[in-house]
Every structure is written in structure tokens, then in C-alpha cells.
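S.K.: when you get a sec, could you give me coordinates for this:
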Amino acid sequence: MTGTDQALRRLAERHGIDTTWQDWRGEHREVGLDVLRALLRSVGVDPARPEAALAEAEEAARRGDLPPLLTGTAGGVLEVPLAEAEATAPVAWRIIAADGTAREGVAEPFRSEAGTAAFRAHLPAALGEAVLAFGGRSVCVLVAPSSCHRGPLASGRLWGLGVQLYGLRAPGDGGLGHLGLIPGLARAAAAAGADALAVSPLHALFAADPGAYSPYSPSHRAMLNGWMVDPGGLPDIATLGELAAALGVAEQMASLESLALIDYAAAIPLRLALLRALHNRFRAVAPASPLGAEFAAFCAAGGATLEAHAQFEALHAHHFGSDPSLWDWRRWPAPFRDPLSPEVARFAAEHAEEVSFHAFLQWLAARQLAAGQKAARAAGMAIGLIADLAVGTSPGGSRAWSGTAALLSGVSIGAPPDALNTVGQDWGLTTFAPGPLAAAGFAPFIEELRAAMAQAGGVRLDHVMGLTRIWCIPEGARPHEGAYLRFPAADLLRIVAAESAAAGAVVIGEDLGTVPEGFRETLAAHGIHGLRVLFFEREGDGFAPPGRYCPDAIATSTTHDLPTLAGWWEGADIPLRDRLGLLAPGETAAEAEARRAADRRALWQALADHGWAQGEPPARAEHQLGVAVARFLGATPAPLVLLPLEDAIMTTEQPNLPGTVTEHPNWRRRLARPAEAMLGEEPAVSVLGALDAARRERR
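M.R.: Model prediction:
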């Protein structure tokens, strides 16, 4: 290896890029030099002259440059970088806390683990932002609690339902679920004993493209999905019936409502047409109404972030509508790629009504989501809504266009090969670049956390391992041709704890897949609850008994990326994966079915060991199975059990099949009937009754 190659590897490591990794079989892998160059470019480092770039990075460390924000734990010790020239004498420091109290001291300089000069200051107990001053310099410090808000999960053994909101059904929905259905479902779930309602991601997607409907491929994680708004949500302005009659779409709505799967290509334009009609009526009366004042206050509070997103939606509709090849803003004419350009300002002024419409959608979405949380808490739920924060964002979307998110460029995030996905995964998304994120004082991350917690009692962090590292794949490479990019996990975890405490929101981290050693323990220490899935909790050839479940993690029967309980039991996923070539390499359908049969017997035995199952395992997934599994999960020490709605009603179709796009109806499943009605019937009554009883027995 040449000296230049060695310098390139050292440069990559300094910027958080792991140059080696261990695959799921335990084999050691070395990252290729071309991959390292691509990842360095993605974080804003030119790899052309690695020796010079490395020397520059080392010189910056010697200067003791301060970032805009340091983070620490209340009552703890903060390690502060020093310039070499400052490391020759004791350092006098002073901290002014958020409550105005001050703390000061004198510290001896020392060498950090990285070999650079630093000193230690003792943080106050007061939470929030503080200011640290020393040697004529000052820096902002976020003083975080030692743990996220635990709230009702600190002592209670609760349960909740997980729901794909787009798949809810109600008369007049036009073939697509909406936010206005949350209150009714929350009240029905609370009546059955639920304390939480975990909802699918509600991030802004692309209103102009009905084909971009995956909830985990957002345009902007701090904005909401406008086409999930209920057009009947402002009855003082216009009822849904009035809007439908005025547009003459009642028959089309009924036709779409009769479908088993969502027809997004028809349902989204119809929903937006109804919302545009509502917006027109709102504009006619808004200036003199309390609702108008409320909307104006919302826009003022949303500031530049809201304005930029509304402008992007209008621009995206304009460009994509005229030429489908211009879906990605990076292919727009150059002046429109810059959100601060005169051309963008001129376009926004000329299309002010369209820009206002998208701000209006954000207002209604936030309003209806808040109403859902209010209804959930009023019905007796201890937590209420649990929002879902997706792991990444589309590089062609609103957040990337705005230039405010310190995002990676030229790579996509995903996962290396593992036992479930032996070719790896490329999600086609991007995420934060660690260095630029820190240079921005972590503001984009804080903004997205606050948005997720704004109208919820909890948040689920998708692929929570992204707080410490994430798999990055250069554009044009295959999923296994990537590398891990490390993040300042200590800072991010403190920020999550601070925002969780401020919002009073519990935090769940989806920690499935390849998890770094010790990271689950780190999450637990910070009050972030991991996730334990029934299918994966094994002991030898059998299933782990309830008592072996982690008391710091949330227990669930399945996830949206796995078969439902009924689908798993009946093996509905196996012929599907076989047909699509998604079985493990070398595995036949017969072998997969034989292994599933053994797993069924093992699960039934685990249920029978506790008296929750009798006789031979049933061939079909009858409600007896659902009841037994509900009792099993209810008996675990998990602070919260989340049961997907699909498992409460024992349906076989799973919401999403990873590795597919159009080959499977991902994110298109609709409930057969309104959820409230189904929760009041069998098998849901027995399944949820068993879960509620098991949880109450162990409180």
C-alpha cells in the first residue's frame, strides 16, 4: 500500500468513515479506496490530495476550534477542546446556566483520547442551553438530562396499537385514510385498554407525484404529509359533502372507496382537489375570521422552513408537471436549484396562491394531528400518539433543496448484507453529514426531533443505529460496496434526551438488524427503549419465554417489514418471496416451508408451556393463536407491548415487503372495514382483551 493510500485511509477514519467492517457471518472486510474517496466527497472533503487534507485536519485539531454547540449531561463533566497555545497553564472557566445561575472553576489542561489539548468543566444541574466562557472565548452548551423522558413507562406495563394510517377506512374517505380518522380510532383503542397508538410516518412526501407514496421516503422530515389531511376537517368553512358536490366527485369517491387496495394515482389528486376547494373557500373568509388569524400565526411560527417547503412543493409541481424527467430538483434549471435566488422569489410571488395552499396543508395537518393526540389523551391513554421518524430523506426532496439540513451527497444509505437481506439494502435516501451537522450546531436534527414530538406523546426512531453509524453506498455501487459512517453518538443521544424531556415524549429506537456491540446497552442507559420482535426472540431451537424479554425494550409481534402473525403462521410470505427471488441464497421453498413448520411447532410449544395453548397447532391462524400470543407478549417485562392492528384482526397481508417496489402492493393495503368497528368484533375483542388482562396482572 502506498503512502498516499495510507493517508487516504487515515483521512477517512478522521472524518468518521470506517475503513474495515465485519459482515454478518463474522468475516473481516476491507473497504475499497474508491468507496472511501466517494464517501469523503459526500461529507465535503476533497480526497484528491489526502496528505494535504490530513495535515489540514490535524492543524484544525491543534487550533482547538470550538463548534457552535457542545453537549453535556446535567451535573456531569464537560470536555472542552483547547488550542495548543492555551494548554500551557490552568484554565479559568465560567458557565452561566439557563436559569441564570453561574458556576466557575479552574482546570488543568490534559490530552484527550484523540491526543489534542482539552480541559474539563463541571456542568450545572439546570437543564437547557448554557454559555461557557474561558480564555476570552465562549461557546453554547446544551445541558441535557441523563435519560429521556420515561413517563408512564417508568413503572407501568402498558400496551398500544400500531396502525398504518393511510390504510384506515371510513365513509367518504375517497379511497385513502386521513388524519381525521385518528380521534375515533384512539377512542376505540383506549376503550379496549390501550395507552398508545403508534402511527406510520407522516412526513411530507411529494404532493405532485402520487407514485411517491412510501412513508419512509420523505421529502422533508420536519414537515407533514399534506395529502393525509381530512378535507372535512374545517366544517365551519365547508363540509366534505359540500366540497364533493361542488366538484361533482361523489361517484368517483365511492368507486375508490370500494377498492381493496389504495389507488394512489387517483386518490391523491382527488384528495388534493377537495383540499384546494376548501382552501379557496377558506381564503374567501379567512381575513376576518379567528381561523384566519390562527393560520397567520402558524405561518409566522413556521418561518423560513415552512415558506421554503411550500415554495418547493409549488416548484416541484411546476417542473415535474411539465417534464417528468425533472422530478429531482437537481435537474431543474440552475436558478431554481437555489432557494434564495431571485428567480425562486419571483416564481413564489407569481404563484402565491399555490404556495399558500401548501402552507395551508401544513396548518391543517398539524391541527388535525394535535386533535388526534388530544382525543387520545382525553380518552385515557397515558401516552397517546407515538410518531415515527424515518431514518433518511430523499436527496431529490424539499429538505435537500432548501440547503438547511447538512446532508450527505453522492451516496445513499442502507444496510450491508445480513441474514434476512443477503444482498444488502439500498434505501435510495440520504441523511446528515456528521461534520456539517455539528458545524450547524445540530440544528437540523433538533428541528426534526421537535417536529416529530410536537403532537405526540412518543416517537419511534427508525433504524436508531443511525445515531452512531450508518451504512453508506456510493451512487452506482451495489449495496455491499459501501462503508460505515460514524456519527457523534454521545452528542446526538444527549440531544434526544433533552428534546424528549422538554416535550414529555417517550422514545423508542428501532434496533433491528446489525447492531454495534454495546449499543443496545447505551440506548437503555439513555432511556431509549429498543424493540424486541416475537419472531426473533429465540433460545436454541425454541422461542424465549416471556420472562427472558428485555425489561428496557418494547415488545411486539411483528413489524411492517415482516409477515403479520397470521401470515407468518400460514407461511403466506414464503411462496411470495420464492416467486420474487427473495429467499436466502441456495434455499428452496420446500426448505423454507419445512423450517417454518418447525418454527410453528416451537412457538406453539412456548405458548403451551404457559398454559396459553392446548392441543395440536392449528393449520390456520385462528383467533386462538392471536389470544395466546397476546397473553405471551403481555406477560413479558416490557414496559410497553405494541400490537400491530393487523395482528389484532388477524389478517395475513403484510404492509411492506422489503426488496420490492411494484412486485408487491407495498403501503397500499386497506382495512376491510372501519377500524373502530373491527376492534369491537372478534377476533380483536378476544385478542385485545387477553393482552389488556395480561398487562394489568403484572402492573
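
S.K.: need the contact list for Arg600.
M.R.: Counting by CB atoms under 8 Å, 6 or more residues apart in numbering, Arg600 makes contact with Trp569, Pro617. C-beta here means a position set from N, CA and C on the backbone, and glycine is covered the same way.

S.K.: state the distance from it to Thr19.
M.R.: For Arg600, the distance to Thr19 (CB to CB, to the nearest Å) stands at 44 Å.

S.K.: and if you look at Ala170?
M.R.: For Ala170, the distance to Thr19 under the criterion CB to CB works out to 53 Å.

S.K.: do Gly136 as well
M.R.: For Gly136 relative to Thr19 (CB to CB), the value is 39 Å.

S.K.: which one of the two is surrounded by more residues?
M.R.: Between Gly136 and Thr19, counting by other CB atoms under 10 Å, Thr19 is the more crowded of the two (18 against 6).

S.K.: the more buried one contacts His28, correct?
M.R.: No: when contacts are counted by CB atoms under 8 Å, Thr19 is not listed as touching His28 (11.5 Å).

S.K.: the helices in the stretch 401-550 of the chain, which residues?
M.R.: According to DSSP state H, counting those that start in this stretch, the stretch 401-550 of the chain carries its helices in the segments 434-439, 443-453, 489-503, 519-525.

S.K.: minimum distance to Thr305: which of these has it?
M.R.: Put simply, out of these the one that sits nearest Thr305 is helix 443-453, at 7.0 Å, with distance taken as CB to CB.

S.K.: compute the first-to-last residue distance for stretch 651-669.
M.R.: 11 Å (CA to CA, to the nearest Å).

S.K.: what residues sit buried inside it?
M.R.: Residues of stretch 651-669 classed as buried by neighbour count (16 or more other CB atoms under 10 Å): 651-657, 659, 664-669.

S.K.: centre of the chain to that stretch, how far?
M.R.: The offset between the C-alpha centroid of stretch 651-669 and the centroid of the whole chain comes to 19 Å, using CA atoms, centre = their mean, to the nearest Å.

S.K.: got the contact list for it?
M.R.: Residues contacting stretch 651-669 (CB under 8 Å, 6+ apart): 164, 166-167, 213-215, 261-262, 264, 421, 425, 558, 560-564, 566-567, 570, 572-573, 576-577, 580, 582, 621, 646.

S.K.: repeat for stretch 91-104
M.R.: Around stretch 91-104, the neighbours that count as contacts under CB under 8 Å, 6+ apart are 80, 82, 105-109, 119, 121-124, 126-135, 141, 143.

S.K.: re earlier: closest to Ile554 out of the helices of the stretch 401-550 of the chain?
M.R.: Nearest to Ile554 among the helices of the stretch 401-550 of the chain is helix 519-525; the distance by CB to CB comes to 11.5 Å.

S.K.: average pLDDT for the closest one?
M.R.: For helix 519-525, the per-residue pLDDT values average out at 97.

S.K.: output that helix as CSV - backbone C-alpha positions only.
M.R.: What follows is helix 519-525, C-alpha atoms only, in CSV (Å, rounded to 0.1, in the frame of the first residue of the first chain):
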residue,chain,number,x,y,z
PHE,A,519,-25.1,0.0,21.6
ARG,A,520,-28.3,-1.5,23.0
GLU,A,521,-26.9,-1.0,26.5
THR,A,522,-26.1,2.6,25.6
LEU,A,523,-29.6,3.2,24.4
ALA,A,524,-31.1,1.7,27.6
ALA,A,525,-28.8,3.9,29.7
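
S.K.: give the buried residues for it.
M.R.: Of the residues in helix 519-525, those scored as buried under the neighbour-count criterion (16+ other CB under 10 Å) are Phe519, Arg520, Leu523, Ala524.

S.K.: understood, closing this out.
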